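Sequence and predicted structure below; questions after.
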Amino acid sequence: MPTVAPFDIEGHVIATHFLGDTPFFATAAGELRRLDEGEKVTPLHAGMLTCIKDPFSASLLTGGEDGKVMRVAADGSSKLIAEAPRKWITVVAGGPQGAVGYAYGKASIIVLPDGSTKEFGEERTVEALAFASKGLRIAAARYNGVSLHWVSTNTPPTDLEWKGAHTGVTFSPDGRFLVTTMQENALHGWKLDGKPGEPRHMRMTGYPSKVKSYSWSPKGKWLATSGAPAAIVWPFSAKDGPMGKAPLELGTRANIMVTCVAFHPAEEVLAIGYIDGMVLGVRVGDGKEALLRRPGNGAITAMSWSANGKLLAFGSEAGDCGIIDIAA
C-alpha cells in the first residue's frame, strides 16, 4: 500500500520536480523548497512564473516576474542565465549541450553554452518553447501556429500553421511529431517526418476544458493529457500517430476533472491528479487502478516521479503537497 508523507507549503505550488532523489517544490512567491535531510529553501525570484526540469541536464530552469532566468542544481545552488529587466519570463526551455531558451513578447532568445545569444523574432507573442531531442532546433508556439528554428544556422524558419492560439508545445521523444495545446479545448499536432503531400495535421478535440497538463510515456508511445473527467491518452506508436484513432480514457471519475498527469519514468503507468486533490495510479495496458492519495485541499497542479520511479511528489494550488512512496 502506498504511503503519503505530507508537506505543507504556504501558497500556490506551480511545479514539483526531482533532481536525483531530492524533491523540489516551486512556489508562486518565488521560492524553491527541497527536502534534503530536512527542508531547505532557495529564494529565487520576486514572483516565480515557471519552473521546469531541464530534460538534458540534472538541473531546473526558472523564470520570474523580475525578468530573471535561473538554473538550479541538485544542491540548491543557483546561477543567473539571463535577465530581461521589467519583463515577465513565463516561458523557459532546456536544450542540448546546455542551451537555454526563454521568451518574452514576440522574441525567443537562445543562450548558448559559451554565453552567446541568438534571438528570433515572431509576428505574434511567443507562448511556449521546446527543443527537439536531437540537434539545436527549437519550436516557438504562437497565435496561428508554430515556428521551427535551427539555432546554429541562418536558414529561414519552418512555419507550421493552424488558426487559433497555441499555448504550449512539445516534441514527441522520437522527434516525429510536434503537438501544441490550444486556447480552445483541443490539441493540434503535426507529423514532421512525412513525405510531401502526405497529411500532416492531427486534430485532437472533444475536451470539455482546456488542456493544461501533458506527459509522454517513457518511449513516446502515448501522450497523456488533462482537461476531462478522465486522463485522455493518445496513441503515437503508429506511422501517423493518433490520426484516425480514438484515445484511451483512464481514471474516469464522473464529473471530477483531471488537472495533472505524469507518466512513470520506466513503466507505462500514469499518475493522475484531480481537481479535488486525489491522485490515482493507472496502468495503461489493462487500466488497473491504484489509489495513491485520497482527496485533499486544492486541485493537483504539479506531479513528478523520482528517477527510480519509487517516489511521486505532488503539489496543489492550496500548498497541500507531499511525497508518495509507491514501494512501501
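Perfect, thanks for sending it.

Please list all residues in contact with Ala290.
Contact analysis of Ala290 by Cβ atoms under 8 Å, 6 or more residues apart in numbering lists 2, 280-282, 326. Every residue, glycine included, has its C-beta placed from N, CA and C.

would you say Gln97 is within a helix?
Yes: counting by DSSP: H, G, I helix; E, B strand; the rest coil, Gln97 is located in a helix.

elements contacting the helix or strand bottoming out on mean pLDDT in the chain?
Ranking every helix and strand in the chain by mean pLDDT, DSSP states H and E puts strand 3-8 at the bottom, with a mean of 87. Strand 3-8 sits against strand 320-325, with contacts defined as 3 or more Cβ pairs under 8 Å, 6 or more residues apart in numbering; DSSP states H and E.

Please identify the buried residues of the strand it packs on?
The neighbour-count check on strand 320-325 (16 or more other Cβ atoms under 10 Å) flags 320-324 as buried.

from the contacts of Ala290, which single one is nearest Trp88?
Leu280 (34.3 Å; Cβ to Cβ).

Dump the host helix or strand of the closest one to PDB, keeping only the CA atoms.
Assigned by DSSP states H and E, Leu280 belongs to strand 279-283. The C-alpha atoms that make up strand 279-283 are tabulated as PDB, following Å, rounded to 0.1, in the frame of the first residue of the first chain:
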ATOM      1  CA  VAL A 279      -4.100  11.100  -7.000                       C
ATOM      2  CA  LEU A 280      -4.600   7.800  -8.900                       C
ATOM      3  CA  GLY A 281      -2.100   5.500 -10.500                       C
ATOM      4  CA  VAL A 282      -3.300   3.600 -13.600                       C
ATOM      5  CA  ARG A 283      -1.600   1.000 -15.800                       C
END
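
orientation of the helix or strand just after that strand relative to strand 320-325 in degrees?
Following strand 279-283 in sequence order, the next helix or strand is strand 289-293 (DSSP H and E). Interaxial angle of strand 289-293 relative to strand 320-325 (axes from the mean of the first three to the mean of the last three Cα atoms, to 10 degrees): 130 degrees.

I'd like the C-alpha coordinates of strand 289-293 written as PDB, please.
The C-alpha coordinates for strand 289-293 follow below in PDB (Å, rounded to 0.1, in the frame of the first residue of the first chain):
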ATOM      1  CA  GLU A 289      -6.100   1.500 -10.900                       C
ATOM      2  CA  ALA A 290      -4.400   2.100  -7.500                       C
ATOM      3  CA  LEU A 291      -5.400   4.900  -5.200                       C
ATOM      4  CA  LEU A 292      -2.200   6.800  -4.300                       C
ATOM      5  CA  ARG A 293      -3.700   9.700  -2.400                       C
END
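
Strand partners (parallel or antiparallel) of that strand?
Here strand 289-293 is paired, per DSSP bridges, with strand 279-283 (antiparallel).

for the stretch 101-250 of the chain, which spans come out with low pLDDT?
The model of the stretch 101-250 of the chain has pLDDT under 70 over residues 196-199.

how about the nearest residue to Lys134, chain neighbours excluded?
Distance criterion Cβ to Cβ, 6 or more residues apart in numbering; nearest residue to Lys134, sequence neighbours excluded, is Gly175 at 6.1 Å.

Ok, Leu112 next?
Leu112's closest residue in space is Ala99 (Cβ to Cβ, 6+ apart), at 5.7 Å.

Got the domain ranges for this protein?
7-89, 107-206, 209-322 (automatic domain parsing).

So for Gly95, which of these sits nearest?
Of the domains of the chain, nearest to Gly95 by Cβ to Cβ is domain 107-206, at 3.7 Å.

List the buried residues of whichever strand or helix holds Tyr143.
According to DSSP H and E, Tyr143 maps onto strand 137-150. Across strand 137-150, burial judged by 16+ other Cβ under 10 Å covers 137-143, 145-149.

Just send those back as TSV, with distance to Gly164 too.
Shown next, in TSV, are the buried residues of strand 137-150 (distance: Cβ to Cβ, whole Å):
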residue	distance to Gly164
Arg137	23
Ile138	21
Ala139	16
Ala140	16
Ala141	11
Arg142	11
Tyr143	8
Gly145	9
Val146	12
Ser147	15
Leu148	18
His149	21
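
biggest separation within those, which pair?
Arg137 and Tyr143 (21.2 Å).

contacts for the strand holding Tyr143?
Under Cβ under 8 Å, 6+ apart, the answer for strand 137-150 is 93, 95, 101, 103, 108, 110, 120, 122-132, 135-136, 151, 157-169, 171, 178, 180, 190.

same thing with stretch 156-164?
120, 143-149, 178, 180, 182-184, 188, 190, 201.

Thanks again, I'm all set now.
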